[in-house]
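J.: 3D, please:
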Amino acid sequence: MKSMSALLKILVVTMAFCVFPTHGRAATTMTLQTANDLFAAGNAFYRGQNFEAAREAYQQLLNAGYDTAPVLYNLGTAEARMGSATQALAHLARAEKQRPRDGNIQANIAFVKKAPVQSLNTTANELVVRESIWSRIYGFLTAREWLALLWMGLMAACTGGVLLFFARNARLHSIAHGLVLGGAGFMALVTIPAATQYYQSRVVQSAIVVSPAELLSGPAQRFTRIANLTQGQIVRNLKGSEKDYLHVKLDNGLHGYVKSDALLEM
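T.: Below is the predicted model:
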């Protein structure tokens, strides 16, 4: 009975983790009704081609903690219509992380990349487009979707374990054994992609350079310049900040400090 109780506890904890993940968006500072009204106002501004007012409305929602895919998508689209390609790409990329198979988001990202705007240089395009096969595999689903698959495998294995405990004939025992092995095998297949996508979505954050800046060896102007960063370039935010500087890593492996006002998190 102790083993069965332990299995049930694991199952309950896993279900709670998948359905109510601890890595949700930040607490909001605006009521839901106010947010809905502001979102509707932003849409009305957008339809009236007042893109600056629309961007302001969506930005207020984002600042208040409503970092949802629709808000990010509309904000990025409004910025694109205003010619702010760098900021548009950053917000659309964040929306795509939440909805990786949304055709509208992908179409707008492709449009912004191809638009003849100076802030989008070939280096930024290469960094965005270049993906390994492994990246495409784990990026096909969101972190929550991978965790849901992991939960399904755990459920199958736990169900098989319970059936093994109560099995009274060879046929039921065989089915239970198959569920345990199948669930365990499925978990083995999806654990690494699930962990990778979770890590990528929550720990390894990207940022886009919104104004030309220097990559320095330390968090102050007195430190040695390592490289020049161009507008539109993608960097990896290592989450280490000191004063007005962020610790970042480039695609070629170089890492250093950049002024925080030169970056926009994706």
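
J.: mind showing which ranges of the protein have poor pLDDT?
T.: Applying pLDDT under 70 to the chain flags the ranges 1-29, 115-136, 138-139, 200-205, 238-242, 266.

J.: ok, 50 please
T.: 1-26, 116-131 (pLDDT under 50).

J.: Which residues are in contact with residue 184?
T.: 153, 157 (CB atoms under 8 Å, 6 or more residues apart in numbering). Quick note: C-beta positions are derived from backbone N, CA and C, even for glycine.

J.: Just say helix, strand or coil for it.
T.: Classification of residue 184 using DSSP: H, G, I helix; E, B strand; the rest coil returns helix.

J.: measure it to residue 89 for me?
T.: Note on residue 184: its distance to residue 89, by CB to CB, to the nearest Å, is 41 Å.

J.: again with residue 97
T.: 13 Å.

J.: Which of those two has more residues huddled nearby?
T.: residue 89 (29 against 19; other CB atoms under 10 Å).

J.: what's the burial count for the residue lying closest to residue 265 once chain neighbours are set aside?
T.: Nearest residue to residue 265 in three dimensions, chain neighbours excluded: residue 207, at 5.0 Å (CB to CB, 6 or more residues apart in numbering). Neighbour count of residue 207, defined by other CB under 10 Å: 20.

J.: Show me which residues of the host helix or strand of residue 207 are buried.
T.: Per DSSP states H and E, residue 207 falls inside strand 205-209. Neighbour counts using 16 or more other CB atoms under 10 Å place 206, 207, 208, 209 of strand 205-209 among the buried residues.

J.: Same question for stretch 32-39.
T.: 35, 38, 39.

J.: Of these, which belong to helices?
T.: Counted as lying in helices by DSSP state H, out of the buried residues of stretch 32-39, are 35, 38, 39.

J.: Quick check: the first one vs residue 79, distance?
T.: When distances are taken as CB to CB, residue 35 and residue 79 turn out to be 20 Å apart.

J.: Also the last one?
T.: Taken as CB to CB, the spacing of residue 39 relative to residue 79 amounts to 16 Å.

J.: count of residues packed around residue 106?
T.: By other CB under 10 Å, 15 other residues sit near residue 106.

J.: Residue numbering should commence at 43 henceforth.
T.: From this message on, residue numbering opens at 43, which makes the last subject residue 148.

J.: ok, it - contacts?
T.: residue 138.

J.: Surely it is in a strand?
T.: No: counting by three-state DSSP, residue 148 is located in no strand; its state is helix.

J.: Report the beta-bridge partners for the residue nearest to residue 297 when sequence neighbours are not counted.
T.: In space, and not counting its chain neighbours, residue 297 is closest to residue 291: 4.1 Å by CB to CB, 6+ apart. Here residue 291 sits in beta bridges with residue 278, residue 297, going by DSSP bridges.
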